[in-house]
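Asker: take this sequence and fold it.
(2 chains)
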Amino acid sequence: MKINFYNSLTNQQEEFKSIQDGVVKMYSCGPTVYDFAHIGNFRSFLFGDLMRRFLELAGYEVQHVMNITDVGHMVEGEADKMLAAATRVKENKKSGRVPEGAIKDPNDPYQIADYYTKAFLDDANKLGYKVAAEYPDSMPRATDYIDGMIEMIERLIQRGHAYVSSDGVVYYSVESFPDYGNLSGNTMDKLQSGAGGRVSDQNQSMKKHPADFLLWKPDQKHIMKWDSPWGVGYPGWHIECSVMAAKKLGQDVIDIHTGGEDLIFPHHECEIAQSCGCSGESHFANYWVHARFLFVEGEKMSKSQGNFYTARDVFEGKVTGKPVHPAVLRFELIKSHYRSNMNFTKKGLTDSANTVTKLIDLRSELEAKSGGKMAEVDLSHPVLNEFATALADDLNIAGALAVMHTWIKSDHSDAAMSLAIWDKMNSVLAIAPISGEGAGAADGGDADDQGEAMRLEMVAAREAKDYAKSDELRDKLIAAGYDVQIGKTEVTIKKKLA
RNA sequence: GGCGUCGUGGCCAAGUGGCUAAGGCAGCGGAUUGCAAAUCCGCCAUCGUGGGUUCGACUCCCACCGACGCCUCCA
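Answerer: Residues are numbered from 1 along each chain as shown, chains lettered A, B, ... in the order given. Presented below is the predicted three-dimensional model:
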């Protein structure tokens, strides 16, 4: 199967060819663990997951690695992110958002990182993010790789790509790496002309070039710090990905690197400079694939706009007023093309809930009909072939979903075969459990006791032909989030997924 | 200013140099129902504007108009 991806490095669609036959080495930039991950983060992460699952459907063995950034080296406004997180955690403990006892000492950055790492894994697993199920093997934490970062910085200095400036800070010298700017288009001359005013002069005077970026900063006062040949301090942001990608994937050049589009510059540009500067290779990743941003009801998502949602906000019903099943959020986040800005809306969520429900219902129907028996099927089957061919065209999810919808409405008299096809499609969509995988499952919606009581009452009312009472109960059930079906003799109710 | 993506029905969104321009949602008509819901059947676009290339373009080229993203911590 011919697979195409849009490569940000060359700004065009390219046929995908893995370095090693049948194996794909893939790295995705992961979350910072100072706060709960929001739906924009997950849009980008799940795009990586879709890509990985598709490659697996296409027959590749995919080694996917995603880092956890737990080094407190970023700033939020003026404050260190870890310090900001400490403040936030203290507030959240008061409000109950962070349960009592979850973080014993909010001043300990490791405890904060641990707490939010667990929260991330919890959300990610619910959303069927495969790499999260492989934690910790495939999800290294930056603080466990400080030694590797120091090694890489030393090597960069040896090779003439980095230098220690007069204030003791280690910088990468972008002038030592002619390809700097190839990914983002921000070549050195453009950066220089555009730099005026934006960067503080005192910082700049220490650097050889305005675009030189930090590799190690000695700083005794920093909240998280480690010993190094350049003094006690902390590593730059970019170096962790270069190190963990190489260590975990075991080679200097990898196949695919993904992330949000905002990471193209400076983060990914700098990763390339570091990794290639260190290895001497012409490429770090052969394919750089970036996801566009997520908007909420047409607006950019931001805390000040009040339209900023974490994954758990959505699960808990902060967006729609009703709880949303994780499978619905997953489907909503993967159903639009990764290179389009996706618009996250309530209506979209409802649509997604309908589709997910339809798929789950079809599955139960097929299981009942086939007695759980499943046929053998592969991509040579016309339906799956069409489904996979769409995805092979730069992850054309809309095309693939069209195939799926048409198939849903088609003839399913061979239930065992249909079940097999269903499973294959679901191995990519992951909106319901697949054998051997517990993640991201829509487990159907069983009624609770109260709902069941109302249902029985309704049946009784109907036997007595008391339609007014029956209708009243139906309205109540619907208000309680149930889907009510009145059959000839039976009444069935089911919790809606959103 | 630099780099990049894009403009298809009410909304979301595929696709092709030439048979009937996917699919979803919404809507409309019908079947079904005590009434609904769900389901099933049917209906519902000529592709931003103006040129050009071509036997023929929505699809190729040019111009224009418009939308959006990145260039600063951000997925």
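
Asker: the longest helix seen in chain A close to RNA strand B?
Answerer: Using DSSP state H to define each element, chain A has its longest helix at helix A:346-370. Yes - judged by Cβ under 7 Å from any atom of the strand, helix A:346-370 comes into contact with RNA strand B at A:347-348, A:351, A:354-355, A:358. Yep, even glycine has a C-beta here, placed from its N, CA and C like the rest.

Asker: now those: which count as buried?
Answerer: A:348, A:351, A:355 (16 or more other Cβ atoms under 10 Å).

Asker: between the residues you listed, which is closest to A:Gly148?
Answerer: Distance to A:Gly148 across these (Cβ to Cβ) is lowest for A:Gly348, with 41.6 Å.

Asker: now the strands for the stretch 1-150 of chain A?
Answerer: A:4-7, A:12-15, A:23-28, A:61-66, A:75-76, A:79-80 (DSSP state E, counting those that start in this stretch).

Asker: show me what the longest helix of chain A is packed up against.
Answerer: Using 3 or more Cβ pairs under 8 Å, 6 or more residues apart in numbering; DSSP states H and E as the contact test, the elements touching helix A:346-370 are helix A:326-334, helix A:397-408, helix A:415-429.

Asker: after the helix or strand of chain A with the lowest mean pLDDT, next one along is what?
Answerer: In chain A, no helix or strand scores lower on mean pLDDT, DSSP states H and E than helix A:201-204, which sits at a mean of 52. Next in sequence after helix A:201-204, counting helices and strands by DSSP states H and E, comes strand A:213-218.

Asker: average pLDDT for that next one?
Answerer: Averaged across strand A:213-218, pLDDT comes to 92.

Asker: what are the contacting residues of it?
Answerer: A:73, A:149-150, A:153, A:156, A:162, A:168-172, A:174, A:228, A:230-239, A:266, A:270, A:274 (Cβ atoms under 8 Å, 6 or more residues apart in numbering).

Asker: alpha carbons of stretch A:170-184, as PDB, please.
Answerer: Presented in PDB, the C-alpha positions along stretch A:170-184 are these (Å, rounded to 0.1, in the frame of the first residue of the first chain):
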ATOM      1  CA  VAL A 170      25.800  26.900  27.500                       C
ATOM      2  CA  TYR A 171      24.300  27.900  24.100                       C
ATOM      3  CA  TYR A 172      23.900  26.100  20.900                       C
ATOM      4  CA  SER A 173      25.500  28.000  18.100                       C
ATOM      5  CA  VAL A 174      23.100  28.200  15.200                       C
ATOM      6  CA  GLU A 175      25.800  29.500  12.900                       C
ATOM      7  CA  SER A 176      27.600  26.200  13.300                       C
ATOM      8  CA  PHE A 177      24.600  24.400  11.700                       C
ATOM      9  CA  PRO A 178      23.900  25.600   8.200                       C
ATOM     10  CA  ASP A 179      20.600  23.800   8.000                       C
ATOM     11  CA  TYR A 180      19.100  25.800  10.800                       C
ATOM     12  CA  GLY A 181      15.800  27.100   9.600                       C
ATOM     13  CA  ASN A 182      15.100  24.400   7.000                       C
ATOM     14  CA  LEU A 183      12.100  23.100   8.800                       C
ATOM     15  CA  SER A 184      10.400  26.400   9.800                       C
END
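
Asker: identify each buried residue in that stretch, please.
Answerer: Those would be A:170-174, A:176-177, A:180-181, A:183-184, for stretch A:170-184 by 16+ other Cβ under 10 Å.

Asker: same question for stretch A:488-498.
Answerer: A:491, A:493-498.

Asker: rewinding a little: near RNA strand B too, which of the contacts of strand A:213-218?
Answerer: A:237, A:266.

Asker: picking up where we left off before, name the member of the buried residues of stretch A:488-498 with the shortest distance to A:Asp471.
Answerer: A:Val491 (12.1 Å).

Asker: what number of residues lie near the residue of chain A found nearest RNA strand B?
Answerer: Here chain A gets closest to RNA strand B at one residue, A:Gly260, 1.5 Å apart by Cβ to the nearest atom of the strand. With neighbours defined by other Cβ atoms under 10 Å, the count for A:Gly260 comes to 20.

Asker: contacting residues around it?
Answerer: So A:Gly260 contacts A:29, A:40, A:44, A:290-291, A:293 (Cβ under 8 Å, 6+ apart).

Asker: against A:Leu384, how distant is it?
Answerer: 30 Å (Cβ to Cβ, to the nearest Å).

Asker: ditto for A:His337
Answerer: In terms of Cβ to Cβ, A:His337 sits 21 Å off from A:Leu384.

Asker: how about the residues of the stretch 201-350 of chain A by RNA strand B?
Answerer: A:237, A:259-267, A:291-294, A:300-301, A:336-337, A:339-343, A:347-348.

Asker: buried among those residues? Make that a PyMOL selection.
Answerer: Buried residues within these, by 16+ other Cβ under 10 Å, are selected in PyMOL with:
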select buried, chain A and resi 237+259+260+261+263+264+266+267+291+292+294+301+336+337+342+348
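
Asker: any stretches of the stretch 1-150 of chain A with poor pLDDT?
Answerer: A:73-79 (pLDDT under 70).

Asker: the stretch 201-350 of chain A: helices as residue ranges?
Answerer: With DSSP state H, counting those that start in this stretch, the ranges of helices along the stretch 201-350 of chain A come out as A:201-204, A:239-249, A:269-279, A:311-316, A:326-334, A:346-370.

Asker: send me the fourth one as PDB with only the CA atoms.
Answerer: These are the backbone C-alpha positions of helix A:311-316, laid out as PDB (Å, rounded to 0.1, in the frame of the first residue of the first chain):
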ATOM      1  CA  ALA A 311     -10.200  16.500  28.900                       C
ATOM      2  CA  ARG A 312     -11.800  15.900  32.300                       C
ATOM      3  CA  ASP A 313     -13.900  19.000  32.000                       C
ATOM      4  CA  VAL A 314     -15.500  17.500  28.900                       C
ATOM      5  CA  PHE A 315     -15.900  14.000  30.600                       C
ATOM      6  CA  GLU A 316     -17.600  15.700  33.600                       C
END
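
Asker: and it, what does it pack onto?
Answerer: Going by 3+ Cβ pairs under 8 Å, 6+ apart, helix A:311-316 lies up against helix A:39-57, helix A:109-126, helix A:326-334.

Asker: also the second one?
Answerer: Applying 3+ Cβ pairs under 8 Å, 6+ apart, we find helix A:239-249 packed against strand A:23-28, strand A:61-66, helix A:146-158, helix A:269-279.

Asker: 10 Å instead, please
Answerer: strand A:23-28, strand A:61-66, helix A:146-158, strand A:213-218, strand A:254-260, helix A:269-279 (3 or more Cβ pairs under 10 Å, 6 or more residues apart in numbering; DSSP states H and E).

Asker: what distance do you get for A:Trp422 to A:Gly250?
Answerer: 36 Å.

Asker: check A:Ser470 too.
Answerer: Counting by Cβ to Cβ, the gap from A:Ser470 to A:Gly250 is 65 Å.

Asker: ok, A:Val403 next?
Answerer: For A:Val403, the distance to A:Gly250 - Cβ to Cβ - is 36 Å.

Asker: ok, A:Tyr135 next?
Answerer: Relative to A:Gly250, and taking Cβ to Cβ, A:Tyr135 is found at 19 Å.

Asker: quick one on the thing from earlier: so how do I select the buried members of the contacts of strand A:213-218 in ChimeraX?
Answerer: This is the ChimeraX syntax for the buried subset of the contacts of strand A:213-218, where burial follows 16+ other Cβ under 10 Å:
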select /A:73,149,150,153,156,162,169,170,171,172,174,228,230,231,233,234,235,236,237,238,239,266,270,274
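
Asker: show me what contacts A:Ala37?
Answerer: Contact partners of A:Ala37, counting by Cβ atoms under 10 Å, 6 or more residues apart in numbering, are A:30-31, A:45, A:116, A:119-120, A:123-124, A:127, A:310-312.

Asker: nothing else from me, thank you.
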